[in-house]
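Enquirer: I'll drop the sequence and a predicted model, then ask my questions.
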Amino acid sequence: MKRLLLGIAMLGVAALLWGCPIYGNENRVCQGGGCYSCPDQTYSGACINWTCSQDSDCDTGYLCDQGSGTCYPGSNTPDSGYDAAADCSITGCPSGQVCKLSNGVAQCVQQSGGSDAGTGADSSSPGDASTGTDASDGSVYGIGCNADSDCTASGAGSRCIDGRCAAQVALCSDGTQCNAAGSACVDGLCEALCSATQPCPSGYGCDFTRGVCNLNPGPCSGSGASSCQGGATCVEGHCVPPCDAAAEGGASCAAGQVCVNGGCIPDQGATFACANDGDQGQLSNTCPSSDICLHHDCYPACALDASPTGANFCPAGTNCKDVTIETGIYAVCAAEGSLGSDCDPAQGKACASGVCINGSCQ
C-alpha cells in the first residue's frame, strides 16, 4: 500500500515538474489565442495552458511555440504563406491572414473569420502589426468592428472593444485589469468612473447611481459622420470627437482614450497578467510567489485573521477578502468595491438584473 501511495505521489510531482496538465481526463480546448487543458470540453477559469512540443500537439489552425510550449493561432499548410521568421509588419501577409504580435514576434496568422468592418479592420498591409492577440493569457482580439453586432462570427459572448472583436474570455472581470486608470469593469467593458464633479468623456453620459459612464446621450448608427452633428463621428454607437491616427504625429486623444475608427473613445480594453486561475506563484504562469491568479490577474494572498504585523497583512487601501471563482474560494488583498463574486462577464456569468460592475451586480 505504501509503495502504491509513493508511486502516485511521484507521478504527481513529475507532472508538475514537466508542466503537464494533471486532470484525470484531459480535454484539449483550442479557442481564440491558444489551447488549454480543461476538466471538460469547454473553456473556463479552471483551464490551464496546454503544453506542446510540436505543431501536431495543437489543433488544426494552431502552431506550437516550442520556446514557451504553448499553442497559438497560425497555419503551416504549404499554400498559407506562413513564415515564422518573417516580420509581417514590414512584408505584409497573404490574403486571408493578418499580422499580429504573437509571443513578441510579428507573424501572419489566419484571420478569425467574418468580414472587416470600419476603419479599424485588420489589414494585410505592411506596418499594421496588431497587439490584439496574446497566446499566453487567452486575451483574444479578432476582426475589426464598430459595434457588437459585427462580432457574431467571433463566438458567443464576444464584444466590440476598441474597434476589434474580443472573444468572451478577453472581457474584463474587474477594474484592476483595465488599461485606463480610473475605470471600472462594466458588463465586460472598461468604463470611466464619473460623479457630479468628474464628467464623462464626450459622447458618454454618467449613470450617477452607479458612478460609471455607462449611458449614451445621443446614440448613432453606422460609422463616420452618420447622424452625429457638430463634426462628431459615430464610433460604437456614440457620437465622439474625431481623430486621425494616420496623420503625422499620430492620434490626438485625451489620456485614457484611444483613436478608433476615426473617433476618440474611452479605452475599454483589459490586460491580463497570468494564465492559470487559482494557482499561486510559478504554477500560475507569471505571478510572484506571494500572489494568486484570479480572473487571469495576480493579487496578493492573505489570511482573514492576519494581524497588522503579520506577513500576509494587506497594503494600504486594500483589505483581505474571500473571492469565489470556478476553482474555489481564495483570500486576497483587494480594494473596496473590487473583485466581487456575483458575476463574471468573461465566464458568461451575468446578473439576473442590473449591471455587473467589478464582479458585483448593481
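Expert: On my side now, so go ahead.
Enquirer: would you list every one of the helices in the protein?
Expert: When assigned using DSSP state H, the helices of the chain occupy the ranges 2-18, 88-91.
Enquirer: State the pLDDT value of residue 204.
Expert: Note on residue 204: pLDDT of 97.
Enquirer: what's the neighbour count on it?
Expert: Residues near residue 204, counting by other CB atoms under 10 Å, number 22. For glycine as for every other residue, the C-beta is placed from the backbone atoms N, C-alpha and C.
Enquirer: Show me the beta-bridge partners of the residue nearest to residue 243 when sequence neighbours are not counted.
Expert: Nearest residue to residue 243, sequence neighbours excluded (CB to CB, 6 or more residues apart in numbering): residue 259, at 4.0 Å. In this entry, residue 259 is beta-bridged to residue 264, by DSSP bridges.
Enquirer: how many neighbours does residue 259 have?
Expert: The number of residues near residue 259, taken as other CB under 10 Å, comes to 25.
Enquirer: Kindly report the same for residue 51.
Expert: 17.
Enquirer: That one and residue 66 touch, don't they?
Expert: No: taking contacts as CB atoms under 8 Å, residue 51 lies outside contact range of residue 66: 10.9 Å.
Enquirer: contacting residues for residue 347?
Expert: 44, 45, 168, 173, 326 (CB atoms under 8 Å, 6 or more residues apart in numbering).
Enquirer: where's it relative to residue 332, distance?
Expert: Separation of residue 347 from residue 332 (CB to CB, to the nearest Å) stands at 18 Å.
Enquirer: Over to residue 188?
Expert: 21 Å.
Enquirer: cool, residue 338 as well?
Expert: Distance from residue 338 to residue 332, by CB to CB: 10 Å.
Enquirer: Same question for residue 185.
Expert: Look at residue 185 and residue 332: by CB to CB, they are 16 Å apart.
Enquirer: Settle it for me: which of those two has more neighbours?
Expert: residue 185 (30 against 22).
Enquirer: Let me know the pLDDT of that one.
Expert: So residue 185 comes in at 97 (pLDDT).
Enquirer: what about residue 209, neighbour count?
Expert: Around residue 209 there are 9 residues (other CB under 10 Å).
Enquirer: same check, this time on the one 4 residues further on
Expert: When counting by other CB under 10 Å, one arrives at 23 neighbours for residue 213.
Enquirer: Kindly report the same for residue 256.
Expert: Count around residue 256 with other CB under 10 Å applied: 16.
Enquirer: thought it was touching residue 182?
Expert: Yes: with contact defined as CB under 8 Å, residue 256 reaches residue 182; the gap is 6.9 Å.
Enquirer: Mutual contacts of the two, please.
Expert: What both residue 256 and residue 182 touch, as defined by CB under 8 Å, 6+ apart, is the set residue 192.
Enquirer: what does stretch 283-295 rub up against?
Expert: Defining contact as CB under 8 Å, 6+ apart, one finds that stretch 283-295 is touched by 16, 45, 48-49, 136, 173-174, 177, 273-282, 298-301, 323, 325, 330, 332, 339, 344, 346.
Enquirer: Inside strands: which ones of these?
Expert: Under the assignment DSSP state E, these contribute 48, 49, 298, 299, 300, 323, 325, 330, 332 to strands.
Enquirer: which of the residues you listed tops the neighbour count?
Expert: Top of the ones in strands among the contacts of stretch 283-295 by neighbour count (other CB under 10 Å): residue 299, with 27 neighbours.
Enquirer: I'd say it and residue 335 touch.
Expert: No: in this structure residue 299 lies outside contact range of residue 335 using CB under 8 Å: 10.3 Å.
Enquirer: With that, I have no additional questions.
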